[in-house]
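1. Build me a model:
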Amino acid sequence: IRLASGRWKSHKEDTVDWNDQKYAEIWRQGWADTANRYLEAIGSPERLDLRSYERQGLDKIPTVHMGPAVSQMEKRGIQTNIGNLNRDITAANRLMQSIRQMVRHLKGWIADLKEKKAALLEALQEAKEPTLPELLGKYLDLRREERTGWTSKGQLKGTVNDFNKVMDAIRYLREKELSTVESLDTYLDTVSGQAVSIRAEMKPKEKRMKEIDTLLSHIANFEAHKPVHAEYAAIRFKKPKEQFAAAHRDELDAYNAAVRYFKVHLEGTKYSTKKLNEERTQLAGEVAEYRERLSAVQEDVKILRDVRHWLNQVLPSEQYRQTAEPGKKPSIQQAVKGRAQRIREEQAEKRQQPRTEKRQDMEL
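-> I've put the predicted structure just below:
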């Protein structure tokens, strides 16, 4: 059958199944394996992994693909919804990574404290475990001894500075009802659980914001390039039509991409940018509240990190712990003697030096 254009009526018939979507994963993986092989051959540490963060088991939010139009606007310094969302996602991922890293460090510190506590109880038998305020009091005593030989003004300034910071920490510990290593460990578990819970509640809202931004982007492209597509559709002759398509390739591609997206994600053909923007504004406010709660958790971790440093000053460190026989724990008494000897030696050196006023800064 000959058409009005003079061409014969026909339809495409696939003779092979290369266009089947099931092969996309195989080809992508093969391409990644080939690229990684050459990266390894040239000694590059980078590797390609085409799987999503979810399939990799990573608790990270993927950013939104901006596309050429949005990328050009961002390069020109024009902020877009997608660009702002990507910046918010990057900040949230960085915040969660910082919290997870701090929690891991504190977990390791608590495990080390538990070992030191067990060794101390074994050496002192029925001795009572010192509380966190007691350990911090020992830290203040240690700092006071280290200032022996300073001028009166320097000693007073250093003592007041240390005392104020330690008292702030003790007030925080009392407010949280933390008095022992066990309670501190329990609180860390609680803080970690809160962070995970907040993240779980925030994820679907961020996902919906990403969907709205993508939809708004396609709506903008659809409305902006609708006249270009109408003009293209009105051209009947092949060559002029191809020339027009080549000249307006970006606009037509963006329009067609929007149409394809609408078919998959829109129920019907109607949409309301006003309702979408209102929904996104509401979600953005809720996400901001979640982010504030995450920041509060990070502040708690910061205080606990300072307390960890101070307690390490009064607990036996590796350099003062005596080497024990195989199968036995280090002697706490020998470690304490080593620390006391170090303090006496430092005090003797300071007495031999001229008395000069020194500036005291809190160790953090």
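2. who does the lengthiest helix in the chain touch, helix- and strand-wise?
-> Criterion DSSP state H: the longest helix present in the chain is helix 181-234. Applying 3 or more C-beta pairs under 8 Å, 6 or more residues apart in numbering; DSSP states H and E, one finds that helix 181-234 contacts helix 67-75, helix 81-124, helix 238-247, helix 249-265, helix 273-314. C-betas here are computed from N, CA, C, even on glycine.
3. Just want the angle from the last one to helix 181-234.
-> Looking back up the chat, that one is helix 273-314. Taking axes from the mean of the first three to the mean of the last three C-alpha atoms, to 10 degrees, one finds helix 273-314 and helix 181-234 inclined to each other by 150 degrees.
4. who wins for proximity to residue 157 among the helices and strands packed on helix 181-234?
-> The closest of these to residue 157 is helix 273-314. By C-beta to C-beta, the value is 18.6 Å.
5. elements contacting that closest one?
-> helix 81-124, helix 132-146, helix 152-175, helix 181-234.
6. Out of the ones you listed, flag the one nearest residue 298.
-> Across those, residue 298 has its closest neighbour in helix 81-124 (5.6 Å, C-beta to C-beta).
7. Point out the other helices and strands that the closest one packs with.
-> Against helix 81-124 (3+ C-beta pairs under 8 Å, 6+ apart) you get helix 67-75, helix 181-234, helix 273-314, helix 332-352.
8. Flag the shaky bits of the protein, pLDDT-wise.
-> When residues are selected by pLDDT under 70, those of the chain lie in 123-129, 181-182, 185, 188, 268-269, 315-364.
9. ok, for residue 221, nearest residue in space, not its chain neighbours?
-> residue 254 (4.1 Å; C-beta to C-beta, 6 or more residues apart in numbering).
10. Was I right to think the one you found contacts residue 219?
-> No. When contacts are counted by C-beta atoms under 8 Å, residue 254 is not listed as touching residue 219 (11.3 Å).
11. Just give me how far the longest helix of the chain sits from the chain centre.
-> 16 Å (C-alpha atoms, centre = their mean, to the nearest Å).
12. again with stretch 296-314
-> 19 Å.
13. same question, stretch 106-126
-> Counting by C-alpha atoms, centre = their mean, stretch 106-126 comes out at 31 Å from the chain centroid.
14. Could you do stretch 284-300 as well?
-> 13 Å.
15. export the helices and strands packed on helix 81-124 to TSV and tack on mean neighbour count and distance to residue 32?
-> Below are the helices and strands packed on helix 81-124 laid out as TSV (neighbours: other C-beta atoms under 10 Å; distance: least, C-beta to C-beta, whole Å):
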stretch	mean neighbour count	distance to residue 32
helix 67-75	14	23
helix 181-234	16	25
helix 273-314	15	33
helix 332-352	13	52
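16. Figure out which of these is closest to residue 102.
-> That would be helix 273-314 among those, by C-beta to C-beta, at 4.4 Å.
17. what's the angle from that closest one to helix 152-175?
-> 120 degrees.
18. quick one: helix 273-314 to helix 81-124, angle?
-> 20 degrees.
19. For helix 273-314, what is the distance to the chain centroid?
-> Averaging C-alpha positions (C-alpha atoms, centre = their mean) puts helix 273-314 11 Å from its chain's average.
20. so that helix versus helix 132-146, what angle?
-> Angle between the axes of helix 273-314 and helix 132-146 is 60 degrees (criterion: the same axes, to 10 degrees).
21. circling back to that earlier point, please identify which of the helices and strands packed on helix 181-234 is closest to residue 202.
-> Among those, helix 273-314 sits nearest to residue 202 (C-beta to C-beta), with 4.2 Å.
22. picking that back up, can you redo the helices and strands packed on helix 181-234 as a markdown table, where the extra columns are distance to residue 230?
-> As requested, the helices and strands packed on helix 181-234 are exported to a markdown table (distance: least, C-beta to C-beta, whole Å):
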| stretch | distance to residue 230 |
| --- | --- |
| helix 67-75 | 20 |
| helix 81-124 | 27 |
| helix 238-247 | 12 |
| helix 249-265 | 10 |
| helix 273-314 | 21 |
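23. Which among these is found nearest to residue 199?
-> Here helix 81-124 is closest among those (C-beta to C-beta), at 6.2 Å.
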